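Novice: Quick one: sequence plus predicted model below, questions after.
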Amino acid sequence: MTGVGRATTGVEGTLGLSSSPPPGSLVSSEGLHALPRPVAVVVSAGGVLGAAHVGGGYALEERGFVPDMIIGSSVGALVGAIAAAHPAGAAPWLDGVWSRLRRREVYPLGYLPSRTSIFTDRGLRRLIARSGLPSRIEELAVPFTAVAMDLRTGAPVSLDHGDLESALLASAAIPGMLPPVDREGRTLVDGGVIAHVPVLAALRAGAASVVVLATGPENSPLRPTVPRRRPGAIAARARLLLAHHRIERDLREVSGHIPTVVLPTGVEAWPAPWDFGHAQRLISTASRTAGHFLDGLRVSGPGLYRIDDVLTPQADPDRASASSPWRVAQ
């Protein structure tokens, strides 16, 4: 996703990172452009936290990177579709959208469409309509897949052809909150339930390498902790652990076959799911952190390449360049 440079302040800005390039400039990234083709960009679920995807998009666009395919779940499907429609300049447009977005626009109260959900999807429909997207998936400039879940079987469903609006609505249909979507004889809901980070869909689509844009605490190394002995805290910790282990399982499986690059966000404090007021902080921090990571990236064969692994010794020095600060996770 060519964009503007960004700076950060506060705790998340004290990372010792170099500043982003001037607006419109391109930066060389040897590791990024050495990835085997076709390369897929995988955009995770995350709701309001998806603003950080825009920061990763800036970092990729500033380095002249255009993927061969884009796969997204939930909010990642909407971000991914816009990037697929405008592969060289989606980040600035998405920046403006996220900066102005408010909860009532996405989850409007007082318009119950049926007994199937708390909120109507009319806000999402308006957002999709304003996004300058074609009516069909096949008309996007970059091949695109939205991942949803079949509510009857629990199986992931890859939507890579046909009506684009219904595919995006299905992928983002949080069970109970937004209405499910009936499409091609199936009842579909949020793809993030079954594929929070849809890397398996990218592998099945024939990707030879993947670049992952992922958000939220479940995508970061988890600190061992015991929650407060209250029902809500215990349940929240259990959900976080479950999501984290599913994501790790999928990343490990895919990275055993192809290079799997996970862009860092640098975000340490994630906002609440309903708080739309942190978009600029998430975008700025992710843009700067991901850009610094990409400039140090060296890829040598299948493996999991991500910034958090720098904290542990390399298990196999032959699998990663000695000049790179980023290791391959085995």
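Specialist: Yep, that arrived.

Novice: now for the longest helix belonging to the chain, which elements pack on it?
Specialist: Counting by DSSP state H, the longest helix found in the chain is helix 231-255. Helix 231-255 sits against helix 199-204, strand 259-263, strand 303-306, with contacts defined as 3 or more CB pairs under 8 Å, 6 or more residues apart in numbering; DSSP states H and E. Every residue, glycine included, has its C-beta placed from N, CA and C.

Novice: Tell me how far residue 282 lies from residue 50.
Specialist: 9 Å (CB to CB, to the nearest Å).

Novice: try residue 229
Specialist: 33 Å.

Novice: Which residue of the two possesses the greater neighbour count?
Specialist: Counted by other CB atoms under 10 Å, residue 229 and residue 50 do not tie: residue 50 has more neighbours, with 25 against 7.

Novice: Show me the shaky parts of the stretch 151-300 of the chain.
Specialist: Of all residues in the stretch 151-300 of the chain, none has pLDDT under 70.

Novice: Mind doing that once more with 80?
Specialist: 221-228, 232, 273-274 (pLDDT under 80).

Novice: Just the helices from it, written as ranges.
Specialist: 164-171, 199-204, 231-255, 279-295 (DSSP state H, counting those that start in this stretch).

Novice: still on that earlier bit, give me whichever of the helices and strands packed on helix 231-255 is most buried.
Specialist: Ranked by mean neighbour count, these are led by strand 259-263 with a mean of 27 (mean count of other CB atoms under 10 Å).

Novice: which secondary structure elements does that one contact?
Specialist: Using 3+ CB pairs under 8 Å, 6+ apart, the elements in contact with strand 259-263 are strand 209-213, helix 231-255, helix 279-295, strand 303-306.

Novice: returning to that earlier point: closest to residue 40 out of the helices of the stretch 151-300 of the chain?
Specialist: Nearest to residue 40 among the helices of the stretch 151-300 of the chain is helix 199-204 (4.0 Å), distances taken as CB to CB.

Novice: What helices and strands are in contact with the closest one?
Specialist: For helix 199-204, the packing partners by 3+ CB pairs under 8 Å, 6+ apart are strand 39-43, strand 69-73, strand 156-159, strand 209-213, helix 231-255.

Novice: re earlier: wait, which of the helices and strands packed on helix 231-255 is closest to residue 93?
Specialist: Once these are compared by CB to CB, strand 259-263 is nearest, at 19.5 Å.

Novice: Show me what the closest one pairs with in its sheet, parallel or antiparallel.
Specialist: strand 209-213 (parallel), strand 303-306 (parallel) (DSSP bridges).

Novice: how far out from the middle of the chain is the longest helix of the chain?
Specialist: 16 Å (CA atoms, centre = their mean, to the nearest Å).

Novice: Begin at 435 from now on, thanks
Specialist: With the count now opening at 435, the last piece we talked about shows up as helix 665-689.

Novice: Which positions in that helix come out as buried?
Specialist: Residues 677, 678, 681, 682, 684, 685, 688, 689 are the ones in helix 665-689 that count as buried (16 or more other CB atoms under 10 Å).

Novice: and if you look at stretch 609-625?
Specialist: 612, 613, 614, 615, 617, 620, 621, 622, 623, 624, 625.

Novice: Send me that stretch as CSV with only the CA atoms.
Specialist: Extracted as CSV, the C-alpha positions of stretch 609-625 are listed here (Å, rounded to 0.1, in the frame of the first residue of the first chain):
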residue,chain,number,x,y,z
PRO,A,609,-21.4,-13.1,15.1
GLY,A,610,-24.2,-11.5,17.1
MET,A,611,-23.1,-8.0,16.4
LEU,A,612,-23.5,-7.7,12.7
PRO,A,613,-25.9,-9.8,10.5
PRO,A,614,-24.7,-12.9,8.8
VAL,A,615,-24.6,-12.9,5.0
ASP,A,616,-26.3,-15.5,2.8
ARG,A,617,-24.2,-16.1,-0.2
GLU,A,618,-24.2,-19.0,-2.7
GLY,A,619,-26.3,-21.2,-0.4
ARG,A,620,-24.2,-20.7,2.7
THR,A,621,-24.6,-18.5,5.8
LEU,A,622,-21.4,-16.7,6.4
VAL,A,623,-19.9,-14.8,9.3
ASP,A,624,-16.7,-13.1,10.4
GLY,A,625,-13.6,-14.8,8.9
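
Novice: Residues in contact with that stretch: which ones?
Specialist: 479, 507-508, 511, 541, 547-548, 550-555, 558, 580-586, 590-591, 593, 596-597, 600-601, 603-608, 627, 632 (CB atoms under 8 Å, 6 or more residues apart in numbering).
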